[in-house]
Structures are given as C-alpha cells and as structure tokens.
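A.B. asks: sequence unknown, structure follows:
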C-alpha cells in the first residue's frame, strides 16, 4: 500500500469524524414531535362547550383537621337505661287502650287499663301510665285482649339518647379505645352525619361473622332517629390537625401513582401527580403536589384522563414569557431599539439617522416605514405582538436581547467550524487522489 493511499484513508477517517461532529448536539435533523400533539402531556385546553359536555366541576384544596377512620356497619339500639317494659302483673282483660305503637307520650300519660279476672264486685282494675317520656314500641295487646300476669304489654323508649351498635371485625379491635369518636351516617338520611362516643364493647365475638359489638352513645334531641335503623360508622383512629385535603373523587390513578387535574386558567387544566397521606370519609390528605386554594376537578375528571394533552402550558401561562412580553411592550413604549440613540424625529447624527419617512442608506439606517437595508427590515408602523419573533431580532434591547444573540452565536459556531473542516478535508482528499493517479501513470 502506497503512502498516498494511507494518506487518503486517514483523510477519509477525518472526514467521517467531521460528519459525526456536524450531527452532534444542537443539530438533530430528525423530525421532532410537536408539543401540541404529544400523547399523554400534562396540559389540557378545553373550550366552553367541551367543559359543559364533560360536566366539569371543581373545588378548592382545603386545610382542615383530618381524621383517619375505621369503617364498620351496624344499627341503632335503645339505651338500656332509657327503655321500660310494661307487663300486666295480673291475669285479666284489656278494657281500655289509650295509646298506639309509635306514639310519643309524656311521663304520667294514661296508656291502658286491665280488668282482673279475680272475683270481685266490681272486679279489680289495674291502670298503666307512662313511666317516663318516650315513644311507645312493641305494643303486644289490643282492646279486649286477654292477658296473663307475666305477659309483656308494651315498651316505652326515650329516644333522645340512643346507642349505635357497630360490628367491628376481630382484626380491627386493636384500634378501639373507650371514648373514641365515630361519625355515623344513617341510610334514612345519607347526607347527614351524627357524632358518637364509644361507651362499651361486647363480651364475646359473634361466631358467624367474627365481629364484636361496640356501642357508641348518640344524641338524638330531634327524635328523628329510631331504634333498629341501619347505620354506617367511621371510627376515628388517628388525627392530623392541619391537613391539606381534597375530595376523594378528585383523585385518579392506582398503585401509588395518583394525580389530580388542577384548574390553571379559563379552560386550561394541568395533570398534577400527588402524594397521599391519611384518609377519612370526607376526603384525602395530599402531602405533595398541591397548595391550599388550588382548584381541582371533582366531576368530569374521569373522562379528562383520556383526552390527549400538551407537553407545555399555553404561552399565556408561562411567567417568563409574560415578563418578556411586558418588557417588550415597555420598550416599544420608550422606542429604545438598541445601544445607539434612536430618536423618533430627525437626527443630527449622520451615523444614527432614524426617520419616520423614507431613509437614505446610512450606517445604521433603520426606517420605521420603508427600509433600504434588507438585513434590518423592521416595520414599526404595524407593531406585532411582543411575543412574536421579529426575524431573530429582539427589539427590547435589554438583557433578553443579549441572551438571544449569545445563544444564536453559540448555536451557529459549531456548525460553521464543522462545515469548514468538512470542506477542507474534501479538497485534500480530491487532491491526493489526483496525485496518486498521476504517479501511477508515470510509473507505468
């Protein structure tokens, strides 16, 4: 192999290195996806009609005391010390009945009368009155009924204080303490909550269900709760006095990867990952991802997760862009277009002659209407929006312009150097190939 051939191979290697350099960082010639069309982006923009169709509704994240709870189900029992069972004590017949089941009675009210079956003239009569105020329950007799001495006639229950019985599973009993609070919701009034306090627990487990009864004292001054109503319990086991919370229906996701949709502007929503903490029946604690007062979507959010999002927020929401726009508008108001003195009238300085009419070709002639210099064609008669790109020229003249110029310069320098290197290598390679052919002809 001749020396010229070796030189050609070396130049070919250098040529390949130059091409790799040109394809390096800052020169990705592939097709980049548009930010507006990125599947799974975090930003969603919806029209008014789309929001109405989805039925979107939002609520603010709030700081409140949060209580982690233990769920249980059960029913309502009368308080043992507030129920009275009436029995006949004598055999006989009900001659008068002055009450009915479910009727509210006051202490001393006449209830019924039983005439004894013992002989007498007249036969002895026993009168029954209400032992205390309450509701008549379990009425077992009617007018004219025959009763025995031990027969149960009726009950009078004071419903102003009841005992709510929760059936707690065996594995959850370690969380129970006397005096604990519980929030109780009744099937009859699902939108209302009552507070109860744990009084006592049962003596043995129910074999069939593996549960232990736990009774909570429940105040019922309005007498709307009745014995045997079905109840749902949330027994408080832990507290967080100041927790940032959102409604449970605001949170989507699973397997520890949860997120909410936060309202960022009119029709603009951001998908925000959140870290959850304690949970109660009123909502979820958010440890990371939200701030108090931020509004989260609580209705219609399930459908939103299937809408393709954008990777970047709308430009109107970008703080840096907003500041740049305000600065540009201020600069246009001052009409300061560069480091030189640019007046709106006629300048005496020939080197900085900027007029509002037609320009002669000066050293720095930037006309506000017709421009002679093609490289500095800036029409100031119709001012574009501050956030538009003026052919790569920043009219602010401030720090943003310097950053833009430096960035453009640093981005173009590697390309120019690589191009020069590539051209030089190509010329040397062609020259060596010709010299090698010429030497081959002379030798032959």
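C.D. replies: Good, I have the coordinates. Being a predicted model, the structure only gives us computed values, none of them experimental. Numbering: from 1, shown residues only.

A.B. asks: spell out which residues make up each domain of the chain.
C.D. replies: According to automatic domain parsing, the chain comprises the domains 1-26+314-337+384-444, 43-68+241-313, 80-157, 341-377.

A.B. asks: residue 240 belongs to a helix?
C.D. replies: No: Residue 240 sits outside any helix when classified using DSSP: H, G, I helix; E, B strand; the rest coil, being strand.

A.B. asks: quick one: the closest residue to it other than its chain neighbours from residue 166, how far?
C.D. replies: Closest residue in space to residue 240, ignoring its immediate chain neighbours: residue 66 at 4.5 Å, by C-beta to C-beta, 6 or more residues apart in numbering. Just so you know, the C-beta spots here come from the backbone N, C-alpha and C atoms, and that holds for glycine as well. Look at residue 66 and residue 166: by C-beta to C-beta, to the nearest Å, they are 21 Å apart.

A.B. asks: so where's the stretch 301-444 of the chain shaky on pLDDT?
C.D. replies: Counting by pLDDT under 70, the stretch 301-444 of the chain shows low-confidence ranges at 316, 318-444.

A.B. asks: coming back round to it: so what pLDDT did the residue nearest to residue 240 get?
C.D. replies: The score at residue 66 is 89. That number is its pLDDT.

A.B. asks: just confirm it is within a strand.
C.D. replies: Yes: per three-state DSSP, residue 66 lies within a strand segment.

A.B. asks: tell me how many other residues surround it.
C.D. replies: 22 (other C-beta atoms under 10 Å).

A.B. asks: just checking, it touches residue 237?
C.D. replies: No: using C-beta atoms under 8 Å, residue 66 makes no contact with residue 237, being 11.8 Å away.

A.B. asks: now do the strands in the stretch 201-350 of the chain.
C.D. replies: 211-219, 230-246, 252-254, 257-265, 268-280, 283-288, 295-299 (DSSP state E, counting those that start in this stretch).

A.B. asks: before we move on, the earlier item: and the gap between the residue nearest to residue 240 and residue 281?
C.D. replies: With C-beta to C-beta as the criterion, residue 66 and residue 281 are 11 Å apart.

A.B. asks: kindly reformat the strands of the stretch 201-350 of the chain as TSV containing mean pLDDT, mean neighbour count and distance to residue 70.
C.D. replies: Shown next, in TSV, are the strands of the stretch 201-350 of the chain (pLDDT from 0 to 100; neighbours: other C-beta atoms under 10 Å; distance: least, C-beta to C-beta, whole Å):
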stretch	mean pLDDT	mean neighbour count	distance to residue 70
strand 211-219	97	20	10
strand 230-246	93	18	4
strand 252-254	92	12	22
strand 257-265	95	18	22
strand 268-280	93	18	10
strand 283-288	94	19	16
strand 295-299	97	19	25
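
A.B. asks: mind putting those into a markdown table with distance to residue 48?
C.D. replies: Converted to a markdown table, the strands of the stretch 201-350 of the chain look like this (distance: least, C-beta to C-beta, whole Å):
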| stretch | distance to residue 48 |
| --- | --- |
| strand 211-219 | 47 |
| strand 230-246 | 25 |
| strand 252-254 | 23 |
| strand 257-265 | 13 |
| strand 268-280 | 12 |
| strand 283-288 | 29 |
| strand 295-299 | 15 |
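
A.B. asks: and these: which comes nearest residue 46?
C.D. replies: strand 268-280 (7.1 Å; C-beta to C-beta).

A.B. asks: and the helices in the stretch 1-150 of the chain?
C.D. replies: Along the stretch 1-150 of the chain, the segments classed as helices by DSSP state H, counting those that start in this stretch run 3-22, 48-54.

A.B. asks: where among those helices is average confidence lowest?
C.D. replies: Here the lowest mean pLDDT among the helices of the stretch 1-150 of the chain goes to helix 3-22, at a mean of 55.

A.B. asks: hmm, back to that, tell me which of the strands of the stretch 201-350 of the chain sits nearest to residue 49.
C.D. replies: strand 268-280 (15.3 Å).

A.B. asks: can you tell me what sits against that closest one?
C.D. replies: 42-46, 66-69, 234, 236, 238, 240, 243, 248, 251, 257-264, 284-290, 297, 304-305, 309, 313-314, 317 (C-beta atoms under 8 Å, 6 or more residues apart in numbering).

A.B. asks: 7 Å instead, please
C.D. replies: Defining contact as C-beta atoms under 7 Å, 6 or more residues apart in numbering, one finds that strand 268-280 is touched by 42-45, 66-69, 234, 238, 240, 243, 251, 258-264, 284-290, 297, 304, 309, 314, 317.

A.B. asks: parallel or antiparallel, list what pairs with that strand.
C.D. replies: Sheet pairing here is set by DSSP bridges, and for strand 268-280 it gives strand 43-45 (antiparallel), strand 257-265 (antiparallel), strand 283-288 (antiparallel).

A.B. asks: tilt between the last one and strand 230-246?
C.D. replies: Counting by axes from the mean of the first three to the mean of the last three C-alpha atoms, to 10 degrees, strand 283-288 points 20 degrees away from the direction of strand 230-246.

A.B. asks: before we move on, back to that, quick one: closest of the strands of the stretch 201-350 of the chain to residue 87.
C.D. replies: Nearest of the strands of the stretch 201-350 of the chain (C-beta to C-beta): strand 211-219, 25.9 Å.

A.B. asks: ok and that closest one relative to strand 230-246, angle-wise?
C.D. replies: Compare the direction of strand 211-219 with that of strand 230-246 by the same axes, to 10 degrees and you get 80 degrees.

A.B. asks: just checking, what packs against strand 211-219?
C.D. replies: strand 161-169, strand 181-186, strand 189-201 (3 or more C-beta pairs under 7 Å, 6 or more residues apart in numbering; DSSP states H and E).

A.B. asks: so which elements touch the shortest one?
C.D. replies: Using 3+ C-beta pairs under 7 Å, 6+ apart, the elements in contact with strand 181-186 are strand 189-201, strand 211-219, strand 230-246.
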